[in-house]
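Visitor: Here you go, sequence then predicted model.
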Amino acid sequence: MFVETVKTEGLAHLSYMVGDGQCAAVIDPRRDVRVYERIAQRRGVTITHIFETHRNEDLLTGSQNLANRTGAEVLRGTTDEYDVPYAQMVREGKRVELGQASLTVVETPGHTLDSISLVLRHHETGESALGVFTGDALFVNDVGRTDFYPDRAEEVANLLYDSLHEKLLPLGDQTVVYPAHGAGSVCGQGMATRDFSTLGYEKAHNPRLQLSREAFVKAKTGEHHDYPPYFRKMEELNASEGPGLRVCPVLPGPIPVDAFARKQEEGMLVVDLRMAESFAGGHVPGSICLPADMIASFAGWVLPYDTPLGLVAASAEQAERAALDLARIGYDRIEGYLNGAVIGWAKTGRRVETFGAIDGPDFKAALDGQADFTVLDVRSKPEVEEARVEGSTHIFIGELTGRLDELDQTRRIVTFCGSGQRAAIAASLLQRAGFEAVSVNWGSMAACQALGCRLER
């Protein structure tokens, strides 16, 4: 018997292949599915079953694509919220044999109403559970968010409490926990950096599992989670039928400068993947700063789905990786990347934009005097509640484009976050919207704390 983990960086998504003998199952596959076929070939097994542990909000699943390629059966939890035409609905107790191993369905609603967990057993160990694939019900050091049903907040929090204490923990301390997400995922808040654990360890150390039912429900209903607009798009696509939606697009190659400029004039949105500092030093006018390692966190907030995208990258490899990351959350309209990057653009005599910057010492000096600018804090609400610059304006970066009318374009605006990275994204959005006097505070809160700036709490 084997269990292999496939980790998708950025999205912090964990999928699995488990098998024995000649059969294997894939659990929560990502959109680009060839990785599972390669594992199956190396292991000498046939993929016979594909499980979805819950309705995915943060990425496109690869279930349809993998099923079409392998003939495997797709199984998922029962729901009356929407139809899932490509999958068979399963209920508690459904058992799938994989050689001498087996996976048994346990219904674990709370994160979503259709959530299931899969208990791994082997004939040699009888009914004692070896592991459990918990989806987004239980993480390492955290549990799933329960805010997807705001009008039923207490109900679903109670459902998750029951799932954890009546369905999962009774499987035994020895049971290995295989969650669907790890640290950095938007599906939780306090996940540990380890990708697996045991029920015994979680029972002893997971903060959420130490709470009484009343305290658990209060804590879950009091959490604040961001809800990117692309979540709805993922729901829509993941519930729809059509293999074309599941096949990863191939990134077109480099685009010559003249053609790139023409496409931009025709409506293509330019997305710059380089480091924020590079973007600040020079970029294609009208482009959005979105560093490649921040795609998973912010693309779904700032990029539209109905607009073609052109990439500016430091290398072909960076462009190709970014295109794959974008495809995993449904962005398929990628025209290609700018040949020669910004230097190539500039060499044709075209205009290059920059925006200003202010470092920590100058920022502190301005605050100690009478700052002639607006400090725009684009951090999340929990971050701002911990500490903020006196007199600053808070608009979360994901909401910025919809709240531009709250800002005074006649004043200089200094964008601010934890370190300056998100601030650069915000500055690019403001500049694209016509704000002319925009600067980034490099260092932002980290620099403020190091220099002793006056902060509100």
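Guide: It's in.
Visitor: From here on, just use CA atoms for contacts and neighbour counts.
Guide: Noted.
Visitor: burial measure for Gly420, as a count.
Guide: 23 (other CA atoms under 10 Å).
Visitor: I misspoke; the intended subject was Leu451.
Guide: Leu451, neighbours per other CA under 10 Å, totals 13.
Visitor: go on, Glu81?
Guide: Count around Glu81 with other CA under 10 Å applied: 8.
Visitor: what ranges do the strands span in the stretch 101-250 of the chain?
Guide: Ranges of strands within the stretch 101-250 of the chain are 101-107, 116-122, 131-135, 138-139, 142-143, 176-179, 197-198, based on DSSP state E, counting those that start in this stretch.
Visitor: for the first one, the distance to its chain's centre please.
Guide: Pointing back at strand 101-107 there. Centroid separation between strand 101-107 and its chain, computed with CA atoms, centre = their mean, to the nearest Å, is 27 Å.
Visitor: now the angle between strand 131-135 and it, please.
Guide: 40 degrees (axes from the mean of the first three to the mean of the last three CA atoms, to 10 degrees).
Visitor: Pull strand 101-107 out as PDB, backbone CA atoms only.
Guide: What follows is strand 101-107 as a C-alpha-only set of coordinates in PDB (Å, rounded to 0.1, in the frame of the first residue of the first chain):
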ATOM      1  CA  ALA A 101      -6.600  -1.300   1.100                       C
ATOM      2  CA  SER A 102      -9.900   0.400   1.300                       C
ATOM      3  CA  LEU A 103     -11.400   3.900   1.600                       C
ATOM      4  CA  THR A 104     -14.600   4.400   3.500                       C
ATOM      5  CA  VAL A 105     -16.800   7.600   3.300                       C
ATOM      6  CA  VAL A 106     -17.600   9.500   6.500                       C
ATOM      7  CA  GLU A 107     -19.900  12.500   6.100                       C
END
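Visitor: just checking, what packs against that strand?
Guide: strand 95-98, strand 116-122 (3 or more CA pairs under 8 Å, 6 or more residues apart in numbering; DSSP states H and E).
Visitor: Note down every partner strand of that strand and its orientation.
Guide: Sheet pairing of strand 101-107 (DSSP bridges) gives strand 95-98 (antiparallel), strand 116-122 (antiparallel).
Visitor: what is the mean pLDDT for the shortest one?
Guide: Going back to what we said before, that points to strand 95-98. If you average the pLDDT over strand 95-98, you get 97.
Visitor: Let's have the strands paired with strand 101-107 in a markdown table, adding mean neighbour count.
Guide: Listed next are the strands paired with strand 101-107 as a markdown table, based on neighbours: other CA atoms under 10 Å:
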| stretch | mean neighbour count |
| --- | --- |
| strand 95-98 | 18 |
| strand 116-122 | 26 |
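Visitor: Output the ones you listed in TSV; the columns should cover distance to His13.
Guide: Formatted as TSV, these follow (distance: least, CA to CA, whole Å):
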stretch	distance to His13
strand 95-98	24
strand 116-122	16
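Visitor: Out of the ones you listed, the one nearest Ile397 is which?
Guide: strand 116-122 (33.5 Å; CA to CA).
Visitor: How far off centre is the closest one?
Guide: 26 Å.
Visitor: Could you do stretch 147-154 as well?
Guide: Using CA atoms, centre = their mean, the offset of stretch 147-154 from its chain centre is 21 Å.
Visitor: How about stretch 150-157?
Guide: 23 Å.
Visitor: Then stretch 347-354?
Guide: 34 Å.
Visitor: Then stretch 311-323?
Guide: 19 Å.
Visitor: Now tell me what touches it from outside.
Guide: By CA atoms under 8 Å, 6 or more residues apart in numbering, the residues outside stretch 311-323 that reach it are 251, 254, 270-274, 292, 295, 334-338, 341-342.
Visitor: and after the lowest-mean-pLDDT helix or strand in the chain, which helix or strand comes next?
Guide: Using mean pLDDT, DSSP states H and E, helix 230-238 stands out as the lowest-scoring helix or strand of the chain, at a mean of 85. Counting by DSSP states H and E, the next helix or strand C-terminal to helix 230-238 is strand 254-255.
Visitor: and the closest residue to Val132 other than its chain neighbours, bridged to which residues?
Guide: Closest residue to Val132 apart from its sequence neighbours, by CA to CA, 6 or more residues apart in numbering: Val119 at 4.4 Å. Beta-bridge partners of Val119, counted by DSSP bridges, are Thr104, Val132.
Visitor: which residue ranges form the helices in the stretch 51-200 of the chain?
Guide: For the stretch 51-200 of the chain, helices defined by DSSP state H, counting those that start in this stretch occupy the ranges 63-70, 153-162, 199-205.
Visitor: Of all those, which one comes closest to Ala259?
Guide: helix 63-70 (33.3 Å).
Visitor: All the helices of the stretch 251-400 of the chain, in order from the start?
Guide: 257-265, 276-281, 295-302, 316-327, 341-347, 360-368, 381-386.
Visitor: Turn these into TSV, columns for mean neighbour count, mean pLDDT and distance to Glu154.
Guide: TSV is the format used below for those (neighbours: other CA atoms under 10 Å; pLDDT from 0 to 100; distance: least, CA to CA, whole Å):
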stretch	mean neighbour count	mean pLDDT	distance to Glu154
helix 257-265	16	97	48
helix 276-281	19	94	41
helix 295-302	20	92	28
helix 316-327	20	93	34
helix 341-347	17	94	51
helix 360-368	16	91	44
helix 381-386	13	91	21
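Visitor: Ok, which of those helices comes nearest Leu11?
Guide: Short answer: helix 295-302, nearest of the helices of the stretch 251-400 of the chain by CA to CA, at 5.5 Å.
Visitor: tell me how far the closest one is from the chain's mean position?
Guide: 8 Å.
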